[in-house]
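dropping a prediction and its sequence here:
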Amino acid sequence: MVAKVDLLLETFKNINGARAGAGVFFNKDDWVGRLPSDFLDLASKMGSGLVADGRFLILDVEGIFDHREYHQMTLGRIYGRKLIHFKNGRRVYRPGDLQDVDSVSFSNLTYWGGDDNGAMLFWDAVGSPGEWSIVATDFGARWIRYRMHSLDYLYGLFSRNIECPIFTQDSWPKFDGVKIEPASRYEKNP
């Protein structure tokens, strides 16, 4: 797992000379079993989160839990239900025959990244963290699930080996044009 983290961080480091981390702000042992281990390995090296090209944010570990319930409630209010069905990357409004239709319950979603257009990246937190799948959405009709580890998804996304219709549109930068920098730590209101 560490080799994947180093590969991803080395790739980030070589992009326009930018840095991918700014120290560790959490005790990794406190989060084992609560988040995917590959993400914790990455987070322990990137520290305060990550911003790619000023448009894609990966949250820091504590930020993930700061906003979890808020995003779950917001999804419920937007869609007026507790779950959503989708197939081939598109929301299914009347599933009828549920064969080959994927579903996700909003109460299982954990937000961990997104872009400046409001698209969001979630883990579908069902089972142990090592079993969680990744769900990307534009909060409209597009929903897509990836059954892979977080680092594999991020590396595929930034290297364009994965064409995610939510994030990798024509304007999505490739590695040679992406600026990676640490995210500033979210300041909590007292």
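Cool, got the structure.

CA only for contacts and neighbour counts going forward, please
Fine.

output the longest strand belonging to this structure.
Using DSSP state E, we find that the single longest strand of the chain is strand 109-115.

sheet partners, orientation included, of it?
strand 56-58 (antiparallel), strand 120-124 (antiparallel) (DSSP bridges).

of all the ones you listed, which lies closest to Q72?
Of all these, strand 120-124 sits nearest to Q72, with 10.4 Å by CA to CA.

I'd like the mean pLDDT over the closest one, please.
Strand 120-124 carries an average pLDDT of 94.

would you mark the buried spots in it?
For strand 120-124, the buried set under the neighbour-count rule, 16 or more other CA atoms under 10 Å, comprises M120, L121, F122, W123, D124.

distance to I134 for these - can I get that in TSV?
TSV is the format used below for the buried residues of strand 120-124 (distance: CA to CA, whole Å):
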residue	distance to I134
M120	11
L121	7
F122	6
W123	5
D124	6
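
of those residues, closest to R34?
Of these, the one sitting nearest to R34 (CA to CA) turns out to be W123, at 11.7 Å.

wait, doesn't the closest one sit right on E131?
No - contact between W123 and E131 fails when scored by CA atoms under 8 Å: they sit 9.8 Å apart.

re the thing from before, which one of the strands paired with strand 109-115 lies closest to S107?
Of all the strands paired with strand 109-115, it is strand 120-124 that lies closest to S107, at 9.0 Å by CA to CA.

return the list of strands paired to the next helix or strand after the closest one, each annotated with direction.
Where DSSP states H and E defines the elements, the next helix or strand beyond strand 120-124 is strand 133-137. With DSSP bridges as the test, strand 133-137 is paired with strand 120-124 (antiparallel), strand 143-146 (antiparallel).

okay if I get those as JSON lines plus distance to F65?
Converted to JSON lines, the strands paired with strand 133-137 look like this (distance: least, CA to CA, whole Å):
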{"stretch": "strand 120-124", "distance to F65": "12"}
{"stretch": "strand 143-146", "distance to F65": "21"}
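
just the helices in this structure please.
2-13, 37-46, 61-66, 68-79, 150-159 (DSSP state H).

which of the ones you listed has the lowest average pLDDT?
helix 2-13 (a mean of 60).

tell me the most buried of the helices of the chain?
By mean neighbour count, with neighbours taken as mean count of other CA atoms under 10 Å, helix 37-46 ranks first of the helices of the chain at a mean of 21.

still on that earlier bit, out of the buried residues of strand 120-124, which is nearest to F106?
D124 (8.5 Å).

sounds good, over and out.
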